[in-house]
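>>> Based on what follows, work out the 3D shape:
(chains A and B)
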Amino acid sequence: MIPDRNSLYGPLDPAPEAGWAEAPPRMGFFTDTSICIGCKACEVACKEWNDVPTSGLDLLGMSYDNTGALTANSWRHVAFIEQPRPADHRTPPFGGNPTGGSVSADSAAIASGTGNPTGTDPGVPPGSPEPAARMAAGPEFLGMPGAEPPGRATGAETRTDFRWLMMSDVCKHCTHAACLDVCPTGSLFRTEFGTVVVQEDICNGCGYCISACPYGVIDQRKGDGRAWKCTLCYDRIGADKTPACAQACPTESIQYGPLDELRERAAARVATLHERGVPEARLYGHDPTDGVGGDGAFFLLLDEPEVYGLPPDPVVTTRDLPKMWKRAGLAALAMAAAAVVAFVGGGSS
Amino acid sequence: MSPDRPVGDRFRRFRDRVERGRSDVEGQPAEEGARSTAFRSYAPRGDAEAAEAGYAPVPARDARPGRRRVRRGGGEELRVPEAEFVSYYGRPILKAPVWKKDIAAYLFTGGLAAGSSLLAAGAQLTGRPALRRAGRVTALAAVSASAGFLIRDLGRPERFHHMLRVAKLTSPMSVGTWILTVFGPAAGVAAVAEAAPWLPERGLPGLARRVLSPAGDVAGLAAAAVAPALATYTGVLLSDTAVPSWHEAYPELPVIFAGSALASGAGVGLIAAPTAQAGPARRMALLGAALELSGSHRVETRIGLLSEPFRLGLPGRLLRTGRALTAAGVVGALVGRRSRVVSALSGAALLAASVATRFGVFYAGVASARDPKYTVVPQRERADRRRTTDAG
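Presented below is the predicted three-dimensional model:
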């Protein structure tokens, strides 16, 4: 088979490219964060169905996010961001309230350094306090993120408005999946649905996929030694079932289906939101011409991707691989030439 | 303009900041600070609050790439201003490599195996037996250590042979596996052949003695033919990742590693061979050092913000140490050509330099993956540039 000219970069239908002769339509997730309520049913359903081990139970101080990140033991991760901005509709009783964060710079800075015994490597490593402090802009010190609406204890006149972003993150099942391309054992493979799955009986824990993922999704399980991530419920979708997280989502924030259909639905949803006065709504990972050839799991976001801990403009590392091999070849030639010169070039000494 | 709209909020913050006496935006006109909040369309998650809470003010929000001072020819220390960026609780976006120091050590031993097998092949072809012997024995020892390091670093070491299921050009690790699979046995035969003179001349051992020597010569040349690939593929191994400072350094890493491999191989020659046979090792040290130093200079200056991890902290110290030791080793090798002791010390300096350089490059990449700054800032600049182009 002649590889597609876009086999390393650019728009592509991944399953036929991987050799599937009569592939079904590419399946994926559309996660609409504008209707996520942060219930974490997706996290729980995923763990139950896939028998994913426990990932620690500590309070991280990152709003209601006590999972921290996608890890080998958390294949869905609900992010929570509290922002000193008005929550979309400025209805009368709260319309005049000033905005203020529920999180102070101090507590966000502390939250950047907390950790969970996730049982994985690198798991949820600590971050930098300065940028964390920057994401919170509360006017006063409120200690830990409040369990009550801001100002409840102090009376209506000091109430401030803020908005809460929630987003259920997951493996993106990239069109150009760096994890899959760099896997030296063939453990990672492309399914007929265009998704990317680790075969646990093959993985030898080399860790290459972990450094290769531009989203920081795949992770190594301690003790076990192998890499684990979302399979887009390969077992369920093969039996015409919906993946566990989408099945459990009570608001249909997580939608599962053929990718083409999801992209249409997402475009319509963004248009609706723009119409209703939510100009910040935008799609992330939907575009087949982006740096990874489009994601199999894409998102509707209400702020810049980095706010949610997503890379703003990821590019698959293998885009540059031909150039890398060329550079290495030139360096190898230079090395051989240097060795020849060393022996030939000095007369008898 | 109602005060509670986002734009009103932004204006209020701007006004507050001006009233606070511009203390948080050092030396910047306040208007510019407010106008180029740059990264997002809504209210700044002000660093004013960060400053109030006792965190370092972040002056660089307005820093354009052109404003970064770049060191020219060894002048003042290069400092890219602290860039402001948005993050999720300051947490890293990428998963840092799970590779332990085994892999950094392998970068050294793999390069050493390549460099010393080239040295041995040259010595073999030009009739320098002491140099050849040292090169072959070192190559076998180093490639054996490499295999040990690589297997020990696996999460499932007993499954190391799963690497041999496939051959993939898109996986530098797979390519490297096959390079080692060819190089290892060849280096092994070449080194074992050095024991031929100790075998008795008669009987089966005698036959082995007669066969081993030419077999060793063939194997030595085969190993040397693969050696440049062994030394340089590791550059691709590190670059073909999402680790920002490794990936962006892809043109330089193979050059640094090739140079470092030559210098370390030369170091073995300088230690083990008598001065009369060590001439090629001296020249190899010089050429290797030139490759390594030019590559590392470029990597430390060319890639803007992503050069920073190569200069700061432990990786920066390691790389500076490596540079100093390389220079000392080359000077010693050239000046002390008549002294066995000075030559050996120079060789040791070159070996130590190679270790320091490899660990420095390795940990620079790890540092760049652990700090979200190196992920977000370059990508955000790229995305904003594209957005501007699309709009205009």
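>>> residues contacting the residue of chain B found nearest chain A?
Nearest residue of chain B to chain A, counting by C-beta to the nearest C-beta: residue B:155, 1.9 Å away. Glycine gets a C-beta too; all of them are placed from N, C-alpha and C. By C-beta atoms under 8 Å, 6 or more residues apart in numbering or on different chains, the residues touching residue B:155 are A:203-207, A:220, A:224-227, B:98.
>>> try it again with 7 Å
Taking C-beta atoms under 7 Å, 6 or more residues apart in numbering or on different chains, we find residue B:155 in contact with A:204-205, A:207, A:220, A:225-226.
>>> Which positions in stretch B:147-165 come out as buried?
Under the neighbour-count criterion of 16 or more other C-beta atoms under 10 Å in any protein chain shown, stretch B:147-165 has B:147, B:149-151, B:153-156, B:159-160, B:162-163 buried.
>>> just the contacts of residue B:155 that are near chain B?
A:204-205, A:207, A:220, A:225-226 (C-beta under 7 Å from any C-beta of the partner chain).
>>> Pull the most distant pair out of those.
Farthest-apart pair in those is A:204 and A:220; separation 11.3 Å (C-beta to C-beta).
>>> Let's have the buried residues of stretch B:147-165 in a markdown table, adding pLDDT and secondary structure.
Compiled in a markdown table, the buried residues of stretch B:147-165 are given as follows (pLDDT from 0 to 100; DSSP: H, G, I helix; E, B strand; the rest coil):
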| residue | pLDDT | secondary structure |
| --- | --- | --- |
| B:147 | 97 | helix |
| B:149 | 98 | helix |
| B:150 | 97 | helix |
| B:151 | 97 | helix |
| B:153 | 96 | helix |
| B:154 | 96 | coil |
| B:155 | 96 | coil |
| B:156 | 96 | coil |
| B:159 | 97 | helix |
| B:160 | 96 | helix |
| B:162 | 97 | helix |
| B:163 | 96 | helix |
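>>> nearest residue to the residue of chain B closest to chain A other than its sequence neighbours?
Nearest residue to residue B:155, sequence neighbours excluded (C-beta to C-beta, 6 or more residues apart in numbering or on different chains): residue A:205, at 1.9 Å.
>>> just the helices in the stretch 201-349 of chain A please.
Using DSSP state H, counting those that start in this stretch, the helices assigned to the stretch 201-349 of chain A run over residues A:208-212, A:234-238, A:244-248, A:259-275, A:321-344.
>>> ditto for the stretch 101-250 of chain B
B:101-126, B:129-153, B:172-193, B:203-239, B:244-248.
>>> out of those, nearest to residue B:272?
Of all the helices of the stretch 101-250 of chain B, it is helix B:129-153 that lies closest to residue B:272, at 3.3 Å by C-beta to C-beta.
>>> hmm, the closest one in reach of chain A?
No - Helix B:129-153 stays clear of chain A (C-beta under 7 Å from any C-beta), getting no nearer than 7.5 Å.
>>> Buried residues in that helix, which are they?
Residues B:131-147, B:149-151, B:153 are the ones in helix B:129-153 that count as buried (16+ other C-beta under 10 Å).
>>> Kindly report the same for stretch B:84-100.
So, applying 16+ other C-beta under 10 Å, buried residues of stretch B:84-100: B:84-99.
>>> Stretch B:290-297 too?
Buried residues in stretch B:290-297, counting neighbours by 16+ other C-beta under 10 Å, are found at B:290-293, B:295-296.
>>> can you check stretch B:325-338 too?
Buried positions in stretch B:325-338, judged by neighbour count with 16+ other C-beta under 10 Å: B:325-326, B:328-333, B:336-337.
>>> Export those residues as TSV, with columns for secondary structure.
TSV is the format used below for these (DSSP: H, G, I helix; E, B strand; the rest coil):
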residue	secondary structure
B:325	helix
B:326	helix
B:328	helix
B:329	helix
B:330	helix
B:331	helix
B:332	helix
B:333	helix
B:336	coil
B:337	coil
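>>> Check the gap between residue A:53 and residue A:313 for me.
The gap separating residue A:53 from residue A:313 is 33 Å, by C-beta to C-beta, to the nearest Å.
>>> Out of these two, name the residue with the larger neighbour count.
More crowded of residue A:53 and residue A:313, by other C-beta atoms under 10 Å in any protein chain shown: residue A:313, with 20 against 16.
>>> you'd agree that one is up against residue B:384?
No - assessed by C-beta atoms under 7 Å, residue A:313 is found out of contact with residue B:384, at 9.2 Å.
>>> Would you mind naming the helix or strand containing residue A:131?
Using DSSP states H and E, residue A:131 sits in helix A:129-135.
>>> Can that helix be said to contact chain B?
Yes - Helix A:129-135 reaches chain B (C-beta under 7 Å from any C-beta) through A:129-135.
>>> can I see the domain layout of chain B?
Per automatic domain parsing, the domain ranges recorded for chain B read B:1-37+B:47-59, B:101-377.
>>> what mean pLDDT does the shortest one have?
Computed over domain B:1-37+B:47-59, the mean pLDDT rounds to 46.
>>> Would you check how far apart residue A:107 and chain B are?
Distance, residue A:107 to chain B, using C-beta to the nearest C-beta, to the nearest Å: 9 Å.
>>> Can you get me a residue count around that residue?
Neighbourhood size, residue A:107 [other C-beta under 10 Å]: 24.
>>> Is it correct that it is in contact with residue A:62?
No - contact criterion C-beta under 7 Å: residue A:107 and residue A:62 do not qualify, at 9.6 Å.
>>> other SSEs contacting the one helix or strand residue B:268 maps to?
Using DSSP H and E, residue B:268 maps to helix B:253-272. Counting by 3 or more C-beta pairs under 7 Å, 6 or more residues apart in numbering or on different chains; DSSP states H and E, the packing neighbours recorded for helix B:253-272 are helix A:321-344, helix B:101-126, helix B:129-153, helix B:203-239, helix B:279-301, helix B:313-335, helix B:340-370.
>>> Pick the most deeply packed of those helices.
Highest mean neighbour count of the helices and strands packed on helix B:253-272: helix B:101-126, a mean of 27 (counted as mean count of other C-beta atoms under 10 Å in any protein chain shown).
>>> Run through the neighbouring helices and strands of that helix.
With contacts taken as 3+ C-beta pairs under 7 Å, 6+ apart, helix B:101-126 sits against helix A:321-344, helix B:129-153, helix B:172-193, helix B:203-239, helix B:253-272, helix B:279-301, helix B:340-370.
>>> Let me know which of these is the nearest to residue A:47.
Shortest distance between residue A:47 and the helices and strands packed on helix B:101-126, using C-beta to C-beta, is found for helix B:340-370: 26.8 Å.
>>> Next SSE downstream of that closest one?
Counting by DSSP H and E, the next helix or strand C-terminal to helix B:340-370 is helix B:372-391.
>>> Now that next one: average pLDDT?
Here helix B:372-391 scores 92 as its mean pLDDT.
>>> buried ones in it?
Across helix B:372-391, burial judged by 16+ other C-beta under 10 Å covers B:372-381, B:383.
>>> next one: it to chain centre, how far?
26 Å (C-alpha atoms, centre = their mean, to the nearest Å).
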